[in-house]
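K.L.:
Curious how this folds, go ahead:
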Amino acid sequence: MDQENTNKIQFEKNDDSVVVIIGSGAGGGTLANELAQQGIKVVLLEAGDWHTQTDFIADEWPSFTQLAWLDPRTTSGTWRVAKDFPTLPAWVCKTVGGTTVHWAGASLRIQPHEFQTRTVYGDIPGANLLDWPITRADLDPFYDLAEKKMGVTRTNGIPGLPGNNNFKVLYNGATKLGYKEVSTGRMAINSEPRDSRTHCYQRGFCFQGCRTGAKWSTLYTEIPKAMATGKCEVRAKAQVVRIEHDAQGKATAVLYVDGEGNLQRQRARVVALAANSIETPRLLLLSASAMFPDGLANSSGQVGRNYMRHLTASVYATFPNRVEMFKGTTMAGIVGDEARLDPKRGFVGGYHMETRDHRAMCKIYASSDPILYESRTRSVRIHGVVTTLRLENMFWQVIQEIANNEHMTTSHFIEKLYDELAEERGEITNFSSFLRVCCLIYMQTVKPFQNEGTSQRAIGGVIADRGASASVLPLR
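P.N.:
Next comes the predicted model:
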C-alpha cells in the first residue's frame with residue numbers, strides 16, 4: 001500500500017496540537033479512530049511496515065518473517081524463556097494493525113473473580129498479586145461496546161461460526177465426558193457479512209493475516225475509518241525511541257527513527273503509548289530523565305516487572321481416520337467448563353480447552369520411542385573451535401537428514417547455520433536454541449510440503465503426513 005496516497009493529510013512535525021499514538025494495534029488503532037471521529041488531529045506511529053490483505057502470505061514461516069517483530073532481543077534470568085528463546089521471548093507483530101493482524105480472534109471476557117486475585121487467591125508463594133482498582137462490572141459496558149464494534153460471535157445476536165471437522169472431534173469427545181460449555185467460541189470473526197466485510201471462508205490462515213477481512217483487525221477496520229476523516233495521519237516504519245516531556249512532567253514530543261534511518265521529532269499535545277507488552281514498558285524505561293530517573297509513569301517501580309506469558313499446555317493425539325484439521329479457523333473450538341474458580345481442585349483460577357490447527361501435521365511417536373525426547377551433548381567443530389551443543393535426539397536426527405539432503409557433513413551444515421546467524425544477528429548467545437527452532441520450523445513447515453504427491457515421509461523418527469488427523473508437536 002502506498003502510504004502517501006492513503007493519508008489525506010500530513011501534519012507538520014512541529015504541530016503541537018496533535019495527539020501522537022504509538023502503536024497501531026488493538027489499542028492504538030482503535031483510539032486513533034475514536035479521536036479522529038471526534039475531529040481530533042492524530043499522528044499514528046507504527047514501527048512496522050504497511051502490509052495489505054493482498055500481500056499476506058499463506059505460508060507459515062514466510063508469513064512469520066513478514067509480520068513478526070524480529071529485532072534482536074536480550075533476555076536474562078532463570079526463567080525458561082531465557083534459556084529456550086532468549087532472542088524471541090514473545091511473538092508480537094511489527095506491522096500496521098499490530099498483533100490484530102496475527103491474532104486468532106478469540107474474544108473472551110475476564111471473569112469477575114480475576115479482578116480480585118489477591119483477595120480471592122490469597123498469598124501465593126512466588127506470586128506478586130494485587131486486586132485491580134476496578135471491577136468486572138465497571139468494564140462490562142465497555143466489553144459491550146467492543147463486542148458490538150468487533151462483531152464478536154455469540155454476542156448481540158451474532159451467530160457463532162460453523163464447526164469444522166477439528167471442532168467436531170473436540171465436541172464429540174468433550175460432550176461424552178460431560179462437558180456442557182462446548183462451542184466454536186466468541187470470536188471476532190464475521191460469521192455473516194458485517195461492517196462492509198465478508199463472512200469467514202474458513203481458509204485456515206488466521207495467524208498469517210486474514211485475506212478476506214472477515215477477522216477483525218485495525219488494519220482494515222479502525223485505521224481506514226480514522227484516515228477517511230482527514231484527521232489521522234499514519235506513519236509506518238516509524239520506530240519510537242523516546243518520549244520527551246516538559247518542566248511540568250507532561251509529555252510534549254516523541255523521537256522516532258523513520259524508514260530511512262533518520263531521527264525525527266514529532267511534537268504533541270498528548271502522547272498515547274499502546275505498543276504491546278514489551279515495547280510499552282521498554283519505551284517508558286528508555287524515556288528516563290532527571291525528573292523521572294526510573295522512567296516515565298514508574299513511581300511504583302513496577303514498570304517492566306511482573307511480565308506474564310500466555311501460558312499454554314498442549315496435548316496431542318492421532319486418529320485412525322482423516323480429520324483435516326487444517327481446514328477452518330485456527331482456533332476452531334473451546335471448552336469453558338474448567339474456567340470456573342474452584343480451589344478444591346488444588347489450584348486457583350481455571351483454564352479453557354481449545355482445539356487448534358497445526359497445518360504441517362508433524363507426528364512424533366513419543367509413546368513408542370521416548371528416546372527421541374532425551375537430550376544429548378555432542379561436540380562439533382565450528383571454524384576449528386570445538387563447540388558443545390545439547391539437543392534432543394530427534395533434533396540431531398533432523399539436522400543429520402538436512403545435512404545429507406544438502407550433501408554436507410553434519411559439522412559443515414551446523415557451521416553454515418552458525419555463520420548465517422552470526423551475519424544476521426551478530427553475537428550468538430544460545431546456538432542450541434537456534435538449532436532447535438530451525439528443526440521445529442523444518443518439521444512444521446518445510447518437510448511436509450516439499451513433495452505434494454507424497455502422503456507420508458519419514459524424517460529421522462518424525463513422520464510428516466499431510467493427510468494425518470492431528471499433530472503431536474507443540475509449535476505455536
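
K.L.:
Most distant residue from the centre of this protein?
P.N.:
residue 384 (39.0 Å; C-alpha atoms, centre = their mean).

K.L.:
and residue 267, backbone torsions?
P.N.:
With angles defined as degrees, to the nearest 10, residue 267 sits at phi -70, psi 160.

K.L.:
pretty sure residue 210 is touching residue 51, no?
P.N.:
No: Residue 210 is beyond contact range of residue 51, at 11.9 Å (criterion: C-beta atoms under 8 Å). C-beta here means a position set from N, CA and C on the backbone, and glycine is covered the same way.

K.L.:
If you count surrounding residues, which of those two has more?
P.N.:
residue 210 (29 against 21; other C-beta atoms under 10 Å).

K.L.:
can you pull the contacts of the residue nearest to that one when sequence neighbours are not counted?
P.N.:
For residue 210, the nearest residue in space outside its immediate sequence neighbours is residue 217; the separation is 6.7 Å by C-beta to C-beta, 6 or more residues apart in numbering. Applying C-beta atoms under 8 Å, 6 or more residues apart in numbering to residue 217 gives the contacts 97, 100-101, 209-210.

K.L.:
Including distance to residue 279, could the residues you listed go into JSON lines?
P.N.:
Shown next, in JSON lines, are the contacts of residue 217 (distance: C-beta to C-beta, whole Å):
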{"residue": "97", "distance to residue 279": "15"}
{"residue": "100", "distance to residue 279": "15"}
{"residue": "101", "distance to residue 279": "16"}
{"residue": "209", "distance to residue 279": "20"}
{"residue": "210", "distance to residue 279": "23"}
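
K.L.:
What is the nearest of those to residue 175?
P.N.:
residue 210 (29.6 Å; C-beta to C-beta).

K.L.:
Who are the contact partners of that closest one?
P.N.:
Going by C-beta under 8 Å, 6+ apart, the list of residues near residue 210 reads 53, 56, 189, 217.

K.L.:
Please apply the same query to residue 244.
P.N.:
Contacts of residue 244 (C-beta under 8 Å, 6+ apart): 251-255, 265, 287.

K.L.:
Neighbouring strands - and their directions - for the host helix or strand of it?
P.N.:
Assigned by DSSP states H and E, residue 244 falls within strand 239-245. Sheet pairing of strand 239-245 (DSSP bridges) gives strand 251-257 (antiparallel).

K.L.:
Output the strand it pairs with as CSV, restricted to C-alpha atoms.
P.N.:
Extracted in CSV, the C-alpha atoms of strand 251-257 (Å, rounded to 0.1, in the frame of the first residue of the first chain):
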residue,chain,number,x,y,z
ALA,A,251,4.7,14.6,27.5
THR,A,252,5.4,17.0,24.7
ALA,A,253,7.1,15.2,21.9
VAL,A,254,8.2,11.8,20.5
LEU,A,255,11.5,10.9,19.0
TYR,A,256,11.4,8.2,16.3
VAL,A,257,13.5,6.7,13.6
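
K.L.:
what residues does that strand touch?
P.N.:
16, 20, 22, 45, 235, 238-246, 263-268, 270-271, 296.

K.L.:
same deal with stretch 77-90?
P.N.:
By C-beta under 8 Å, 6+ apart, stretch 77-90 touches 70, 72-76, 277-278, 309, 425, 429-430, 433, 436-437.

K.L.:
where's the dip in pLDDT among those residues?
P.N.:
Lowest pLDDT among the contacts of stretch 77-90: residue 429, with 66.

K.L.:
With residue 158 as the reference, measure out to residue 310.
P.N.:
As judged by C-beta to C-beta, to the nearest Å, residue 310 and residue 158 stand 25 Å apart.

K.L.:
between these two, who's got more neighbours?
P.N.:
Between residue 310 and residue 158, counted using other C-beta under 10 Å, the more crowded position is residue 158 (19 against 7).

K.L.:
Tell me the confidence at the more buried one?
P.N.:
97.

K.L.:
And residue 335, by the same measure?
P.N.:
pLDDT, residue 335: 95.

K.L.:
Grab the nearest non-local neighbour of it.
P.N.:
Using C-beta to C-beta, 6+ apart, the closest residue to residue 335 is residue 353 (4.1 Å).

K.L.:
same check, this time on residue 54
P.N.:
Spatially, and ignoring its direct neighbours in sequence, residue 54 is nearest to residue 211 (7.5 Å; C-beta to C-beta, 6+ apart).

K.L.:
Below-threshold pLDDT in this structure: ranges please.
P.N.:
1-5, 357-375, 425, 429-430, 440-476 (pLDDT under 70).

K.L.:
Look up how far residue 47 lies from residue 41.
P.N.:
21 Å.

K.L.:
out of those two, which sits in the more crowded spot?
P.N.:
Legend: neighbour count by other C-beta under 10 Å for residue 41 and residue 47, higher for residue 47 (24 against 19).

K.L.:
Spit out the contact partners of that one.
P.N.:
Taking C-beta under 8 Å, 6+ apart as the test, what residue 47 contacts is 23, 69, 94, 237-240, 275, 279.

K.L.:
Next, give phi and psi for residue 98.
P.N.:
Torsion angles, degrees, to the nearest 10, at residue 98: phi 60, psi -150.

K.L.:
That one - how many residues pack around it?
P.N.:
There are 30 residues near residue 98, going by other C-beta under 10 Å.

K.L.:
pretty sure it is touching residue 22, no?
P.N.:
No: at 10.8 Å, residue 98 does not count as touching residue 22 under the criterion of C-beta under 8 Å.

K.L.:
Need the residues touching each of these two.
P.N.:
With C-beta under 8 Å, 6+ apart, residue 98 and residue 22 have common neighbours residue 28.

K.L.:
Buried residues of the strand holding residue 244, list them for me.
P.N.:
Within strand 239-245, the residues scored as buried using 16 or more other C-beta atoms under 10 Å are 239-240, 242-245.

K.L.:
Including distance to residue 165, could those residues go into JSON lines?
P.N.:
Shown next, in JSON lines, are the buried residues of strand 239-245 (distance: C-beta to C-beta, whole Å):
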{"residue": "239", "distance to residue 165": "42"}
{"residue": "240", "distance to residue 165": "44"}
{"residue": "242", "distance to residue 165": "51"}
{"residue": "243", "distance to residue 165": "49"}
{"residue": "244", "distance to residue 165": "55"}
{"residue": "245", "distance to residue 165": "55"}
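
K.L.:
That concludes my questions; thank you for your assistance.
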